[in-house]
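Student: coordinates for the following, if possible.
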Amino acid sequence: MPLSDADLRALAHAKHLLGHPGIAARLAGLAGKPIERTLAALPGKASALVETLTRGAVGKAMDVAVRTLDPARTGSSSDRWHKLAVGATGAAGGAFGLPGLAVELPISTTIMLRSIADIARSEGEDLRVPEARLECLHVLALGGTSKRDDAADAGYFASRAALAQAIASAGQYLAQKGAVKGSAPVLVKLIGDIAARFSVAVSEKAIAQSVPVIGAIGGGAINALFIDHFQDMGRGHFTVRRLERAYGTEAVRAAWEALPRG
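Tutor: Model prediction:
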């Protein structure tokens with residue numbers, strides 16, 4: 001069954017959102033210079049710290065984020081509220097530079113995942129189903145176009161395919177066990193895969209806060225751009241999933257390929 005005109009427009013909007021530039025390109029708009037050129041300046045120890053913090057934040061945030069949502073709530077997602085909340089954490093953490101990231105990142109990641117889960121709910125996802133929760137985590141791996149993220153550069157569907165098996169295995173485990181056991185190998189692998197991609201964006205955010213022109217604007221503005229990016233990724237991703245539930249994966253993929261780029 002072909003997609004309706006309204007659903008084709010929704011798919012076109014999703015394709016536009018998922019093709020947006022990555023965090024570095026958006027932050028460059030604040031500084032007027034490419035951020036990616038300065039990423040090499042991030043010290044090795046600092047880079048390792050970002051990776052460790054990112055893995056911990058991703059591992060702990062999802063369950064907290066979903067538990068704070070009202071499952072009975074209907075209607076559109078509260079994007080603006082979440083943006084204000086994560087902006088406040090950025091304003092507080094930004095005053096302490098990279099050390100502040102250790103405190104700010106877990107809180108910001110939880111708020112972002114709550115926003116992503118809220119978007120998923122608004123697009124018809126049942127967050128009681130393990131797969132739906134894991135797909136919220138998946139959004140953190142959708143970095144947009146970035147020279148530092150080859151998986152994202154390969155395209156949205158290629159990025160989904162790269163994590164499909166890990167998500168399926170983790171979803172099956174959660175469905176059987178009924179609870180999150182962070183030490184389970186399937187969950188450790190999935191969190192590691194997602195954190196590895198998400199840490200690229202976190203590194204870009206961290207280095208941006210150290211660039212004087214951007215740092216003067218404040219951590220709140222940086223975090224607002226950060227969550228805005230992942231809200232776009234979430235909206236695009238869960239729109240595609242909603243249409244796949246209605247029309248099937250192959251029909252949606254064919255309609256996607258037929259759409260113009262941009």
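Student: going forward, measure contacts and count neighbours with C-alpha atoms only.
Tutor: Will do.
Student: so where's the chain uncertain?
Tutor: Along the chain, segments meeting pLDDT under 70 span 23-46, 68-72, 90-100, 143-154, 178-183, 208-219, 262.
Student: centre-most residue in it?
Tutor: residue 140 (2.6 Å; Cα atoms, centre = their mean).
Student: show me the helices in the stretch 151-262 of the chain, by range?
Tutor: Under the criterion DSSP state H, counting those that start in this stretch, helices of the stretch 151-262 of the chain are mapped to 156-177, 185-210, 212-215, 219-247, 249-258.
Student: I'd say residue 75 and residue 120 touch.
Tutor: No. With contact defined as Cα atoms under 8 Å, residue 75 does not reach residue 120; the gap is 11.4 Å.
Student: so those two - more neighbours on which side?
Tutor: residue 120 (25 against 11; other Cα atoms under 10 Å).
Student: of all the helices of the stretch 151-262 of the chain, which one is nearest residue 51?
Tutor: helix 185-210 (5.7 Å; Cα to Cα).
Student: what's that closest one packed up against?
Tutor: With contacts taken as 3 or more Cα pairs under 8 Å, 6 or more residues apart in numbering; DSSP states H and E, helix 185-210 sits against helix 23-31, helix 44-67, helix 97-122, helix 156-177, helix 212-215, helix 219-247.
Student: please name the nearest non-neighbouring residue to residue 251.
Tutor: residue 2 (7.1 Å; Cα to Cα, 6 or more residues apart in numbering).
Student: part of a helix, is the one you found?
Tutor: No. Counting by DSSP: H, G, I helix; E, B strand; the rest coil, residue 2 falls outside a helix, being coil.
Student: for it, phi and psi?
Tutor: Backbone torsions of residue 2, given as degrees, to the nearest 10, read phi -70, psi 150.
Student: what about it, neighbour count?
Tutor: Neighbours of residue 2 using other Cα under 10 Å come to 11.
Student: tell me how far it lies from residue 73.
Tutor: Residue 2 is 31 Å from residue 73, where distance means Cα to Cα, to the nearest Å.
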